[in-house]
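**Q** all I have is the shape, not the residue letters:
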């Protein structure tokens, strides 16, 4: 299994950048790193994914360590709507996609 | 385009009754996943389909739970003789195939309450 560890919760001020860390020290060389978030009372939504290179999309950026044992999801300018639980996932070889407990992000106005 | 659709959105049932939960994945998505989320908890993996096949059913909590997928499309999760501890939100997700480079797309879930 590609196990991941994340902080239980984080706080950030509105309109400031947020860096959400994830450790995935057992990830295999071919496993992608995925990030999802779950807003209150909704199903999870895809945020971003990558393999080795840093990735950017309209929602966020993903910085992947050179050894791939950790990654950081970057929200460049947090808004109140970004308050959610953020999940980091490394793919499992047997295709079970296991979600950990994630990081609950609180945004302070 | 249409996303993953789940029905019903809410289901209240009496203990001991059977329930069927339905998932319509995004058209063309070959992979389909079921998860369960109890109140305030994380997502618990239940089962995964590639096409109509479920290679591993070990995530299903008990033999009261079963799932099938027909025509590589719609999937049904059935819970027999429901118990109160089955109360949760049941989430379905689909992807183009294999997680390696295919994001999961989730439905909004079915909230099951067993009284």
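**A** Noted; the coordinates are in hand. Since the structure is predicted, the reported quantities are computational estimates derived from the model, not experimental observations.
**Q** check contacts around the residue in chain A positioned nearest to chain B.
**A** Closest approach of chain A to chain B (C-beta to the nearest C-beta) occurs at residue A:43, with a separation of 3.5 Å. C-betas here are computed from N, CA, C, even on glycine. Neighbouring residues of residue A:43 by C-beta atoms under 8 Å, 6 or more residues apart in numbering or on different chains: B:91, B:93, B:106-109.
**Q** show me which of these neighbour chain A.
**A** Near chain A, judged by C-beta under 8 Å from any C-beta of the partner chain, the entries from these are B:91, B:93, B:106-109.
**Q** go through the residues you listed and name the one nearest residue A:33.
**A** Using C-beta to C-beta, residue B:93 comes nearest to residue A:33 of these, at 17.4 Å.
**Q** who's in contact with the closest one?
**A** Contacts of residue B:93 (C-beta under 8 Å, 6+ apart): A:43-44, B:4, B:32-33, B:35, B:104-107.
**Q** kindly report the same for residue B:36.
**A** B:43-44, B:46, B:61, B:88-91.
**Q** secondary structure element for the residue of chain A closest to chain B, which one?
**A** Counting by DSSP states H and E, no helix or strand carries residue A:43.
**Q** give me the pLDDT for it.
**A** Note on residue A:43: pLDDT of 91.
**Q** quick check: residues of chain B near chain A?
**A** Within chain B, the positions adjacent to chain A are B:31, B:33, B:35, B:42-43, B:45, B:48, B:50, B:55-56, B:59, B:91, B:93, B:98-101, B:103-109 by C-beta under 8 Å from any C-beta.
**Q** center of chain B - which residue?
**A** Nearest to the mean C-alpha position of chain B, by C-alpha atoms, centre = their mean, lies residue B:34 at 3.3 Å.
**Q** who's residue 20 bridged to?
**A** Let's take chain A. For residue A:20, the beta-bridge partners are residue A:73 (DSSP bridges).
**Q** nope, chain B please
**A** Using DSSP bridges, the beta-bridge partners of residue B:20 come out as residue B:78.
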